[in-house]
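*Asks:* Just to be clear, the model below is a prediction. Sequence and coordinates:
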Amino acid sequence: MNSIKASTFSARKNRGLGKAWKVFGSAFTLAALSTTSQSIAASMNTSALPTPDHVLIVIMENHGAGSVLGSADAPYINALAGDSQAAVFTQSYALTHPSQPNYLMLFSGSAQGVTDDNVPSPLPFTTPNLGAALLTRGLGIVAYSEDLPSVGFTGATSQGYARKHAPWVNWQGGGKNGLPAGTHHPMADFPADLASLPAVTYVVPNLADDMHDGTVAQGDAWLKAHLDVYVRWARAHNSLFILTFDEDESAGGGNQIPTLFLGPMVKQGKYPERITHYNVLRTLGDFYGAAPSGAADTAKPILDVWKGTTKIRVGPPRLGAHPGKGAVRTAGFSEMSWMEGGDVGIARFRSLLGRRLTVLDQSYTIGWE
């Protein structure tokens, strides 16, 4: 049987402890894994879907797969498509024309009776949607739109911003399945601290930078300038980047669009199964156990692009030292996990400090015996 032995720990993330324990010395070891001679049997517990710490999905405009993938005008997108952590869907399709119904379908599993790009009426909608489902689970969602003039703006247009590309606005205003105005922010508010992003983040460029009015080259350059920092950060932070398009160029075409997933949990490859906005929506919800909305309820989640995750439990817990805090007693079993093919994983320790239960996540390296 494969087993792993304890190795050097380094700080990764600390949930629930504020700023108190941001930095850990390299000398810190947990007593439960305090000697490299101790080996712990690894029992397989592989789930079909990962649970990314964060997902960012950016939606571009009005270009079919053949206009972008393989195009010399899109060097950044094609570099992402060829990345060792990227899954490219070769049979990804939008669902209709024009733009607005596709955005609504991607967010709520339904066009909500909308067939054009005008502001819908009556509002707000009260139907299920991904945002409300995540909030019900105690998770967060936010959208950033370029040229949005203010948080929660409900107007139809402003400079290059178009409400038809911001479906969440239609649930804004409270009531059943409602979303707070703070769900929608100007792109200028996009945080420098990427760990502060919620579970799911939508990004929508303006009409020029999303390729609707501008060129493929312009949109490609915008993605690199604004989101490459997230793509690079996601690799080391269990997070996922999704690039997709609302629709292709022509109502007479096949509506095949570029869609790719990129992150450390993704198995590289080109995937030929047919997917639509509904499959993407279902997958986003299933990551976090959020109830599926509309037609996403009967759509299949995307299951074949993920690396397996191996988990072990470490125990029984013992008294151990914590930097600056004295003795720490672990409560119950600790859990360690790592991605298929990797040597770095996440160790999760549930600890009691006084009467306060905390969850501590640290990265670790593993040595195979």
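*Replies:* Received the coordinates, thanks. Values in this document were obtained by computation on a predicted structure and should not be read as measured data.
*Asks:* residues in contact with W233?
*Replies:* 194, 239 (Cβ atoms under 8 Å, 6 or more residues apart in numbering). Placement of C-beta: from N, CA and C, glycine included.
*Asks:* A helix includes it, no?
*Replies:* Yes - W233: assigned to a helix according to DSSP: H, G, I helix; E, B strand; the rest coil.
*Asks:* That one and P264, how far apart?
*Replies:* 11 Å (Cβ to Cβ, to the nearest Å).
*Asks:* Name the residues contacting each of the two.
*Replies:* With Cβ under 8 Å, 6+ apart as the test, W233 and P264 both reach S239.
*Asks:* for the stretch 201-350 of the chain, what are the low-confidence residue spans?
*Replies:* 309-350 (pLDDT under 70).
*Asks:* which residue sits closest to A132 in space, ignoring its chain neighbours?
*Replies:* N177 (4.0 Å; Cβ to Cβ, 6 or more residues apart in numbering).
*Asks:* Let me know the pLDDT of that neighbour.
*Replies:* Here, the pLDDT recorded for N177 equals 98.
*Asks:* helix/strand/coil for the most centrally placed residue in the chain?
*Replies:* The centroid of the chain falls nearest to V55 when counting by Cα atoms, centre = their mean (0.9 Å). Three-state assignment for V55 (three-state DSSP): strand.
*Asks:* Distance of it relative to E273?
*Replies:* From V55 to E273 the distance is 20 Å (Cβ to Cβ).
*Asks:* can you give me the helices in the chain?
*Replies:* 65-68, 75-81, 99-108, 130-136, 216-235, 277-287 (DSSP state H).
*Asks:* Of the ones you listed, which stretch is the most buried?
*Replies:* helix 99-108 (a mean of 26; mean count of other Cβ atoms under 10 Å).
*Asks:* ok, back up a step: can you put the helices of the chain in CSV and add distance to Q268?
*Replies:* Shown next, in CSV, are these (distance: least, Cβ to Cβ, whole Å):
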stretch, distance to Q268
helix 65-68, 18
helix 75-81, 10
helix 99-108, 24
helix 130-136, 27
helix 216-235, 13
helix 277-287, 18
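*Asks:* Ok, which of those comes nearest S293?
*Replies:* helix 99-108 (5.0 Å; Cβ to Cβ).
*Asks:* Ok, which of the helices of the chain comes nearest N118?
*Replies:* helix 99-108 (7.9 Å).
*Asks:* Tell me which other helices or strands that closest one touches.
*Replies:* Identification of packing neighbours for helix 99-108 by 3 or more Cβ pairs under 8 Å, 6 or more residues apart in numbering; DSSP states H and E yields helix 130-136, helix 277-287.
*Asks:* quick one, domains of this protein?
*Replies:* Here the domain parsing of the chain from automatic domain parsing is 3-46+310-368, 54-297.
*Asks:* Just the endpoints, please. Distance across the longest one?
*Replies:* Using Cα to Cα, to the nearest Å, the gap from the first to the last residue of domain 54-297 comes to 22 Å.
*Asks:* Let me know which of the domains of the chain is the nearest to D304.
*Replies:* It's domain 54-297; of the domains of the chain, that one is closest to D304 (Cβ to Cβ) at 6.5 Å.
*Asks:* For the closest one, what is the distance to the chain centroid?
*Replies:* 11 Å (Cα atoms, centre = their mean, to the nearest Å).
*Asks:* hang on, the earlier thing: the residue nearest to the centre of the chain reaches L284, doesn't it?
*Replies:* Yes - using Cβ atoms under 8 Å, V55 makes contact with L284 at a distance of 6.4 Å.
*Asks:* shared neighbours, these two?
*Replies:* In contact with both V55 and L284: V200, using Cβ under 8 Å, 6+ apart.
*Asks:* got TSV for the helices and strands packed on helix 99-108, with distance to G219 too?
*Replies:* Listed next are the helices and strands packed on helix 99-108 as TSV, based on distance: least, Cβ to Cβ, whole Å:
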stretch	distance to G219
helix 130-136	24
helix 277-287	19
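*Asks:* mind checking which of these is nearest I77?
*Replies:* helix 277-287 (17.1 Å).
*Asks:* which one is T244 nearest to, not counting chain neighbours?
*Replies:* T259 (4.3 Å).
*Asks:* ok, the spatially closest residue to P98 that is not a sequence neighbour - how many residues close by?
*Replies:* The shortest distance from P98 to any non-neighbouring residue, by Cβ to Cβ, 6+ apart, is to D117 (5.3 Å). Here the number of neighbours of D117 (other Cβ atoms under 10 Å) works out to 15.
*Asks:* for D116, same thing?
*Replies:* 11.
*Asks:* if I look at the nearest residue to N129 once chain neighbours are set aside, how far off is L49?
*Replies:* Excluding the flanking residues, the one nearest N129 by Cβ to Cβ, 6+ apart is S108, at 4.0 Å. Between S108 and L49 the distance is 21 Å, computed by Cβ to Cβ.
*Asks:* Kindly report the same for T90.
*Replies:* Distance, T90 to L49, by Cβ to Cβ: 21 Å.
*Asks:* same question, V229
*Replies:* 26 Å.
*Asks:* same question, G64
*Replies:* On the measure of Cβ to Cβ, G64 and L49 end up 28 Å apart.
*Asks:* one step back: next, the contact list for the residue nearest to T244, please.
*Replies:* T259 touches 88-89, 92, 242-245, 275, 280, counting by Cβ under 8 Å, 6+ apart.
*Asks:* again, 7 Å this time
*Replies:* Residues near T259 by Cβ atoms under 7 Å, 6 or more residues apart in numbering: 89, 92, 243-244, 275.
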